[in-house]
Structure formats: C-alpha cells, structure tokens
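[1] When you get a sec, could you give me coordinates for this:
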Amino acid sequence: MAQDSVDLSCDYQFWMQKLSVWDQASTLETQQDTCVHLARFQEFLRKMYEALKEMDSNTIFERFPTIDQLLAKACWNPFILAYDESQKILIWCLCCLINKEPQNSRQSKLNSWVQGVLSHILSALRFDKEVALFTQGLGYAPIDYYPGLLKNMVLSLASELRENHLNGFNTQRRKKISLPMSAVVCLWLRHLPSLEKAMLHLLEKLISSERNCLRRIECFIKDSSLPQAACHPAIFRVVDEMFRCALLETDGAPEIIATIQVFTQCFLEALEKENKQLRFALKTYFPYTSPSLAMVLLQDPQDVPRGRWLQTLKHISELLREAVEDQTHGSRGGPLESWFLFIHFGGWAEMVAEQLLRSAAEPPAALLWLLAFYYSPRDGRQQRAQTTVQVKAVLGHLLAMSRSSSLSVRDLQTAAGQDTDTDPRAPAQQLIRRLLLHFVLWAPGGHTIARDVITLLAHTAEITHEIIGFLDQTLYRWDRLGIESPRSGKLARELLKELRTQV
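    Numbers count the residues shown, from 1 in each chain. Here you go, the predicted structure:
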C-alpha cells in the first residue's frame, strides 16, 4: 500500500507538468503528445479515483493540495474531454470533492466550483470550436461524430448506473453518486436496455438475498428507484411485464407474488407522493381490466374502516367473478389477467382467509369464491365450485373447533383432511394449509398446539419455506395495517425465528 501511495504521488507530479504543457493544445506537437499519452493518463485518473473515493474532502486536499487545478486543466483540455471514457472518470473524481453538508464558506465555494466544472463537461457535447477542431483532425465531420459520441455516453452511463448499484461507491464512507429522478426517468424512457437491466438487477438481488424477508425486499425495491420511475405509465408497463414473466417462469412462486405486492405498495406510495391527483388515467397502468375493479383494489385497507373490510372484499369478489366467469362482460385478458391484477394488492388478497376465520357468521359465498380463485386461477368454473365446497367444509370444522375448550393436533388434522394422500403441492392443499396457519394464530386454543401443527405440516423443505413466507408476510401486513394482537404477534415471531434456524 505504501509503495502504491509513493507511485501515485510521483505520477501526480508527472501529469501535473504534462497538463501544464498541454494547456497550449493549439500546436500540432502538443496535440500529438496528448493523443500519445491519453491512454496512460486515463489509467492515472482511474488510480486517482480509487484513492479519492476512500477519503473525505478535507483529507483529499491535505494529500493533494492542487487536485482542483489538475482536474480543471484536464476538464478544459478538448482532446481529453472529447473522449467519453475520460469524461466519465473526471466526473467520478470531481464528485469525490463535493461536501454533502458544507460546514463553511470554503466548502460551499468548492461545491459551487465543482458544479460549474461538471456543467462544463456536460456542455462539451455542444458543437464548439475546440471539439470541432479535434473531430476534423480525426477526419470526422461533426454530423457523424456527435451521434456516435452521444450513444457511447448513454451506454456508458447505463452501464455505470448498473455497476454502481451492484458495487456502490464505498457506501460505508460516502454517498453514492446519483442522478435526479427526472434524469433517471428520461434515461429509462429513451434507453430501454438500461431499464431492463435495472429490473433484472433488482430480481437478481432479490433471488440472491435471504428468502421470505419482506422488509429487506422493500428496501431493495425502494433503493432501485423503480417504484418512483414507474409513476410514468410507460415504465410501469415494462416493469410489470417483467414481473409477469417472472411469475409465469416460476409457476406462480409465492416469493414472486409477495415481491409484486411489495413493489405495488411502494409504487402506490410514490404515486401518491408525486400526484395528489392522478396525472394519468388508471387505464394506462392497468389496460386489461375494468376501471371500477382497479379503483376498488387501489383503496388502501388502512384508509377503509375495519367494519367495511368484509363489504369491500365482497365487492372485489363480485367484480372479479364478473370479469372471470361472465362471458359478456369478461376482461380482454381472461382469468389469468384478472388474477395478475388481484395479486398486486396484497393488502386485500392476503386478508380473505383471515376475515373468513375471524367471522362468526356463515362464510360468505363471495369470499369463498375469491379464496378459491386466488389460489387456483387456472381452474374452470366447475373445479372452482368444488374447491369452494371443500374450503367451506374445512372452515366449518375449524370454526366449530375454535369454540372447543381443548384442541388436539389430530382433531385439526382430521378436520382439515390432512391425513389423506393428497399431493401437498396442489393449490387446494396450499389453501388449506393457509387456513390452518391462520387458525393457530387467531384461535384462543390454537397457540397451545401451534408448534405441533407446524411440525406436522412442514415435512418438506419447500413447505417449510412456504410457512416461513406466510409468517413473514403476515407480520409485515399486520404491521402496516395495525391489526396485530399481542399474543398472535409474539407467537408468529417466535415461530418465524425457530423455522429460520432450521433452513
């Protein structure tokens, strides 16, 4: 490390002298010398950036008192600045000099100076005399040179945005270099590959991170800037289509569904913050569904009185059933399109089973249908009717057991039909497992047998992950809606912690 520091200091003095000579860049000799040394100078700038990014502004000037002069000489040299790679590295170095929170007038002046130099770099794309001289010397006409330069700059910036998101600019010590949201939106609207790469990077991050942790997923999603950018319908449609592909490729994996729901929640928060009134019609975001259904789903359960949750769910069921089963008023996308819309809104979708178990009255047919549709959207009308009958019978047994003074795992197993040889991966079995898990969290006597029930259910790694996802998602939703009871919340957290140590 010490040798590297000495080498950088020696190189620094060498290039400072070179830049002073290159100030007279109008002579043929200096132009030729600049072109000969440009690759080595770029390598020096990269090493300089690696050193600068590890220091704060004060330390930088203690070690390199004339760093501002060196960077200024480089930024005003047309032969250096005409190469987009040099522009990019110079921007990195200049941003290292910025004080995020200036403490005195000297630091404020330095920030203003850096902003001025950055403006100069960005304005170098204009048809000024010096760059024209450079392009003519290379044999390029400006009309040929500038589109290529602009394309390379955009590609470099898109690549850098992705790499910065992957590696960060030493985020433990410094804020990352970032673009204003308006600039990010403009970039993604004009350069589709950069938007696709940002979305793919988000999905890679979610896959490689801890499974079934919605708080972590929420942080990743917000850091990606995608929910804010998705306020523009064109960006939303691209992002949503990529989520749809991920959902189809994983055959409706619960983790992908949960991610879509968290993204939608972040998107709606950004939309509310940006637009007090919708600038775009809902049809532009959800073109394949009826506006009335979208309007109902867009209601945040937090904004609806709890006494009306059941009524709202019934209304959602009626609108969905009309779209799915009524051929005269069906949506253009069919059942899967309606299901894809419904799963976006986890606040409502994940509430159905809970509401059925907490209601003492006869289970409403509308909610039974909604639950069957949510877990098995590909079923036809007859299959869904059979699932509804099965779920109603299980609910009846569970509600009767909730009034019992003593509960046993065997009784619960029999009531739910879990002692049969039915494929545990079948959608109906997943639905019944959800009912059992809701039951042990809410039923007065369910807490005493909760661990035994989970031991019974979690007989494969896949189902164990499913249960972990359910507990994490339930706690996340309770926290948002403020509907958690102390005992149920404590039990859910204990179970979640215990299961995570097993996988």
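[2] what's the nearest residue to residue 293 if we skip its chain neighbours?
    Closest residue in space to residue 293, ignoring its immediate chain neighbours: residue 319 at 4.3 Å, by C-beta to C-beta, 6 or more residues apart in numbering. Glycine gets a C-beta too; all of them are placed from N, C-alpha and C.
[3] Which positions in the one helix or strand residue 11 maps to come out as buried?
    With elements taken from DSSP states H and E, the one containing residue 11 is helix 2-22. Of the residues in helix 2-22, those buried under the neighbour-count criterion (16 or more other C-beta atoms under 10 Å) are 8, 11, 12, 15, 18, 19, 22.
[4] now these in TSV, with pLDDT?
    TSV is the format used below for these (pLDDT from 0 to 100):
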residue	pLDDT
8	82
11	86
12	90
15	91
18	87
19	88
22	83
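[5] quick check, nearest of those to residue 312?
    Closest approach between the buried residues of helix 2-22 and residue 312, by C-beta to C-beta: residue 8, at 64.7 Å.
[6] follow-up on the earlier one: let me see the contact set for the residue nearest to residue 293.
    Remark: with contacts taken as C-beta atoms under 8 Å, 6 or more residues apart in numbering, residue 319 is in contact with 290, 292, 293, 296.
[7] The residues you listed in helices, which ones?
    Of the contacts of residue 319, the ones assigned to helices by DSSP state H are 292, 293, 296.
[8] After the helix holding residue 11, which helix or strand is next?
    Using DSSP H and E, the next helix or strand after helix 2-22 towards the C-terminus is helix 28-52.
[9] any idea of the mean pLDDT for that following helix?
    Taken as a whole, helix 28-52 has a mean pLDDT of 85.
[10] need the next SSE after that helix, C-terminal direction.
    Per DSSP H and E, the first helix or strand lying C-terminal to helix 28-52 is helix 57-63.
[11] Next, the angle from the helix holding residue 11 to helix 28-52.
    Helix 2-22 and helix 28-52 meet at an angle of 150 degrees, taking axes from the mean of the first three to the mean of the last three C-alpha atoms, to 10 degrees as the criterion.
[12] So residue 199 versus residue 233, what's the distance?
    Summarising the geometry, the distance separating residue 199 from residue 233, computed by C-beta to C-beta, to the nearest Å, is 16 Å.
[13] ok, residue 80 - how many residues close by?
    Per other C-beta atoms under 10 Å, the neighbour tally for residue 80 reads 22.
[14] Over to residue 225?
    Residues contacting residue 225 under the criterion other C-beta under 10 Å number 20.
[15] likewise residue 72?
    By other C-beta under 10 Å, the burial measure for residue 72, its neighbour count, is 18.
[16] what helix or strand is it on?
    Secondary structure from DSSP H and E places residue 72 in helix 67-75.
[17] picking that back up, touching the helix holding residue 11 from outside, list them.
    Contact partners of helix 2-22, identified using C-beta under 8 Å, 6+ apart, comprise 30, 33-34, 37, 41, 44, 47-48, 51, 64, 66, 69-70, 73-74, 77, 79-80.
[18] Who are the packing partners of the helix or strand where residue 114 lies?
    Secondary-structure assignment from DSSP H and E places residue 114 in helix 105-123. Using 3 or more C-beta pairs under 8 Å, 6 or more residues apart in numbering; DSSP states H and E as the contact definition, the elements that helix 105-123 packs against are helix 67-75, helix 84-96.
[19] Can you name the two of the buried residues of helix 2-22 that sit furthest apart?
    Maximum pairwise distance in those, criterion C-beta to C-beta, is 20.0 Å, between 8 and 22.
[20] Next up, phi/psi of residue 482, please.
    The phi/psi pair for residue 482 (degrees, to the nearest 10) reads phi 70, psi 40.
[21] That one: what's it in contact with?
    Listed by C-beta under 8 Å, 6+ apart, the contact set of residue 482 reads residue 302.
[22] Distance check, it against residue 302.
    Here the criterion is C-beta to C-beta. By it, residue 482 lies 8 Å from residue 302.
[23] domain parsing for the protein?
    Per the record's domain assignment (automatic domain parsing), the chain is made up of the domains 2-168, 369-503.
[24] Can you check the pLDDT for residue 190?
    Checking the pLDDT column for residue 190, the value is 79.
[25] what separates it from residue 230, distance-wise?
    From residue 190 over to residue 230 the distance is 16 Å, taken as C-beta to C-beta.
[26] Residue 412 now?
    Between residue 412 and residue 230 the distance is 43 Å, computed by C-beta to C-beta.
[27] more crowded one of these two?
    In this view residue 412 and residue 230 are compared by other C-beta under 10 Å, and residue 230 has more residues nearby, 25 against 22.
[28] thinking that one is in contact with residue 242, fair?
    No - at 11.3 Å, residue 230 does not count as touching residue 242 under the criterion of C-beta atoms under 8 Å.
[29] As a markdown table, the ones in helices among the contacts of residue 319 with neighbour count and distance to residue 339 would be great.
    As requested, the ones in helices among the contacts of residue 319 are exported to a markdown table (neighbours: other C-beta atoms under 10 Å; distance: C-beta to C-beta, whole Å):
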| residue | neighbour count | distance to residue 339 |
| --- | --- | --- |
| 292 | 13 | 17 |
| 293 | 22 | 12 |
| 296 | 19 | 16 |
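[30] and which of those is nearest residue 270?
    When those are ranked by distance to residue 270 (C-beta to C-beta), residue 296 comes first, at 20.7 Å.
[31] What does the pLDDT read for the closest residue to residue 474 other than its chain neighbours?
    Distances taken as C-beta to C-beta, 6+ apart put residue 492 closest to residue 474, at 6.1 Å, once the chain neighbours are dropped. In this prediction, residue 492 carries a pLDDT score of 90.
[32] contacting residues for residue 450?
    Contacts were defined as C-beta under 8 Å, 6+ apart; by that measure residue 450 touches 440, 441, 491, 495.
[33] For it, give its distance to residue 357.
    Here the distance between residue 450 and residue 357 works out to 14 Å (C-beta to C-beta).
[34] and if you look at residue 256?
    With distances defined as C-beta to C-beta, the gap from residue 256 to residue 357 amounts to 26 Å.
[35] for residue 110, same thing?
    According to C-beta to C-beta, residue 110 and residue 357 sit 63 Å apart.
[36] and those two? which has more neighbours close in?
    Taking residue 110 and residue 357 together and counting by other C-beta under 10 Å, residue 357 has the greater number of neighbours (21 against 18).
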